[in-house]
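> I'd like to go over a predicted model; first the sequence, then the structure.
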Amino acid sequence: MENVEIRKFVAQDRDWLAAEHRESYARAEGFDSSFGVLVASILDDFLDQHDPTCERGWIACQEGQRLGSIFCVKLDDQTAKLRLFLLTEKARGKGLGQRMLAQCMGFAQAQGYSEMKLWTHESHRAAGALYAKNGWQLMSSEPVVSFGQPLIEQHWEITL
């Protein structure tokens, strides 16, 4: 994608990002309103409590239009967690996800984290393929009912 900027997440992105997650997952996977509540809570916690020296969020934009997000948050001194990785439908399949993942992983490594973890669902096949391509390992997979849907929850890790 041409002329795409990946910039730091700011408070003014919060409402868009919460709505984009809520609407995208409701449309694509039938998630109920509890998903939007969870995302809003994660964003509020990040805005209120994140440590900018070792945690960051990014928003991809093109000509003022937001296209996606990715976050790196601290789990412990050695481990970062990848969160809220999302691309709008028009931004998918064009290499932007790879750029955003590299940005997030590079930040984590530069901050001294030795590993990263993430949680997702098996239905996010393109994301899973991207993680695998970048050296992430699928650590566990289990059936759950979340957000009003039967899902296969996955946990991924990578050593940086």
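Happy to help now that I have it.

> got any ranges where the chain has weak pLDDT?
Applying pLDDT under 70 to the chain flags residues 1.

> and the residue nearest in space to the middle of the chain, helix, strand or coil?
Taking Cα atoms, centre = their mean, the centroid of the chain lies closest to residue 85, which sits 1.9 Å from it. The local conformation at residue 85, judged by DSSP: H, G, I helix; E, B strand; the rest coil, is strand.

> Hmm, it is touching residue 127, no?
Yes: if you go by Cβ atoms under 8 Å, residue 85 and residue 127 touch, sitting 6.6 Å apart. Bear in mind the C-beta positions are built from the backbone N, C-alpha and C, glycine included.

> what is in contact with those two at once?
residue 97 (Cβ atoms under 8 Å, 6 or more residues apart in numbering).

> Kindly provide the distance from residue 14 to residue 104.
Counting by Cβ to Cβ, to the nearest Å, the gap from residue 14 to residue 104 is 19 Å.

> neighbour count winner among those two?
Set side by side, residue 14 and residue 104 show more neighbours around residue 104, with 23 against 17, by other Cβ atoms under 10 Å.

> Now do the contacts for that one.
58, 70-72, 82, 85.

> For the nearest residue in space to residue 91 that is not next to it in sequence, give me phi and psi.
Distance criterion Cβ to Cβ, 6 or more residues apart in numbering; nearest residue to residue 91, sequence neighbours excluded, is residue 67 at 4.0 Å. Backbone torsions for residue 67, taken as degrees, to the nearest 10, come to phi -120, psi -20.

> isn't residue 67 right next to residue 4, touching?
Yes: Residue 67 is in contact with residue 4 according to Cβ under 8 Å; the separation is 6.8 Å.

> So if I had to pick from those two, which one is more boxed in?
Set residue 67 next to residue 4 and count neighbours by other Cβ under 10 Å: residue 67 wins out with 24 against 18.

> Common neighbours of residue 67 and residue 4, please.
Residues touching both residue 67 and residue 4 by Cβ under 8 Å, 6+ apart: 60-61, 96.

> any idea how far residue 53 is from residue 30?
Counting by Cβ to Cβ, the gap from residue 30 to residue 53 is 39 Å.
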